[in-house]
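Participant: Got a predicted model here, sequence first, then my questions.
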Amino acid sequence: MSADLNGSRALVTGAGHGIGRAVAVALAEAGADVAVHYHSSADEAAHTVSAIEALGRRAKAFQADVTVTAEVDRMVEEAAGFLGGLDVLVCNAGHLIARTTIAEMSDEHFGRVVDTNLTSTFRTVRAALPHLEESAAGRVVTMSSLAAHNGGGPGSVAYAAAKAGVRGFTKGLAKELGGTGITVNTVAPGFIKGTAFHDTFTAPEAQLAMEAGIPVGRAGTPEDVASAVVHLASPASGFLTGITLDIDGGVWPR
């Protein structure tokens, strides 16, 4: 069975750049129409929309702060209205915010990281569920991280905890929705080079060291993650639910 998504309707959060953009474009390449969510990167989201439209698929950008319930609810309703329903939800929005040790970490910082990565996933899924339940083959793909397995790099305890929470949320939701036909899976990227995440938070020498330790001999790309997401969103993944798919080049074999 192929990863043919012709006619599918997808919403990707955090799709203005990086992994989110690659996922949105890859879904369109597989045949889906795509709602492109962004928070503050309006120009980048417009570029994603243009790339999808160039493939002959429908696309539109929708703004929302995923830490605000009312904005998430509005954005999902607008996206589903544009698409005429919803078959695929990819919860990609997230952020490290800043690197800080526990000794120096404020309650506000810890809460903000968890809200941005974990609680935002909950909000988005909850808003999308009524639409996904009307789909013949609903798919939810969440975004965890290698940090959920190994604790992450220096100063990323809150981020690692939030991404581990995404894994647990995904497993629980997969069980809860098992009888509805909706599958729920997560991907856990390792070192994905050329993204704003690592360009902002990881020094060049640290990036070189990370790349040198990857068994397959190279860093990952946003397209590596996108390929996995497309598979999990496709009819070919109908018997996969509750799994974590590691996209790390063999760094953390389990």
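Facilitator: That came in fine, so what should we check first?
Participant: Mind listing what's buried along stretch 169-180?
Facilitator: 169-171, 173-174, 177 (16 or more other C-beta atoms under 10 Å). For every residue, glycine as well, the C-beta is placed using N, CA and C.
Participant: Only C-alpha atoms, please: export it in CSV.
Facilitator: Extracted in CSV, the C-alpha atoms of stretch 169-180 (Å, rounded to 0.1, in the frame of the first residue of the first chain):
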residue,chain,number,x,y,z
PHE,A,169,0.0,11.7,25.7
THR,A,170,0.3,10.0,22.3
LYS,A,171,0.2,6.5,23.8
GLY,A,172,-2.8,7.3,26.0
LEU,A,173,-4.7,9.0,23.2
ALA,A,174,-4.0,6.1,20.9
LYS,A,175,-5.8,3.8,23.4
GLU,A,176,-8.6,6.2,23.9
LEU,A,177,-9.3,6.6,20.2
GLY,A,178,-8.6,3.0,19.2
GLY,A,179,-12.2,2.2,18.5
THR,A,180,-12.8,5.3,16.3
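Participant: all helices for the stretch 101-250 of the chain, in order.
Facilitator: 107-114, 120-132, 147-150, 157-176, 196-201, 204-212, 222-233 (DSSP state H, counting those that start in this stretch).
Participant: between these, which one is nearest to Leu5?
Facilitator: With respect to Leu5, and counting by C-beta to C-beta, the nearest of the helices of the stretch 101-250 of the chain is helix 222-233 at 6.4 Å.
Participant: What lies in contact with that closest one?
Facilitator: With contact meaning C-beta atoms under 8 Å, 6 or more residues apart in numbering, helix 222-233 is reached by 3, 5, 8, 10, 18-19, 21-23, 25-27, 29-30, 32, 88, 90, 139, 141, 183, 185, 187, 189, 192, 194-195, 237, 240, 245, 247.
Participant: Tell me the one of the buried residues of stretch 169-180 nearest Pro204?
Facilitator: Of all the buried residues of stretch 169-180, Pro204 sits closest to Thr170, with 32.8 Å by C-beta to C-beta.
Participant: just to revisit the earlier point, among the contacts of helix 222-233, which are in strands?
Facilitator: Under the assignment DSSP state E, the contacts of helix 222-233 contribute 10, 88, 90, 139, 141, 183, 185, 187, 189, 245, 247 to strands.
Participant: Same list, those, but as a markdown table with distance to Ile97 and neighbour count please.
Facilitator: What follows is those, written out as a markdown table (distance: C-beta to C-beta, whole Å; neighbours: other C-beta atoms under 10 Å):
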| residue | distance to Ile97 | neighbour count |
| --- | --- | --- |
| Ala10 | 27 | 30 |
| Val88 | 27 | 30 |
| Val90 | 21 | 30 |
| Arg139 | 28 | 28 |
| Val141 | 23 | 26 |
| Thr183 | 30 | 22 |
| Asn185 | 25 | 25 |
| Val187 | 21 | 26 |
| Pro189 | 18 | 23 |
| Leu245 | 25 | 18 |
| Ile247 | 22 | 22 |
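Participant: how about those residues in a markdown table, adding pLDDT and distance to Thr67?
Facilitator: Shown next, in a markdown table, are the ones in strands among the contacts of helix 222-233 (pLDDT from 0 to 100; distance: C-beta to C-beta, whole Å):
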| residue | pLDDT | distance to Thr67 |
| --- | --- | --- |
| Ala10 | 98 | 22 |
| Val88 | 98 | 23 |
| Val90 | 98 | 18 |
| Arg139 | 98 | 24 |
| Val141 | 98 | 20 |
| Thr183 | 98 | 26 |
| Asn185 | 98 | 24 |
| Val187 | 98 | 22 |
| Pro189 | 97 | 22 |
| Leu245 | 97 | 26 |
| Ile247 | 97 | 26 |
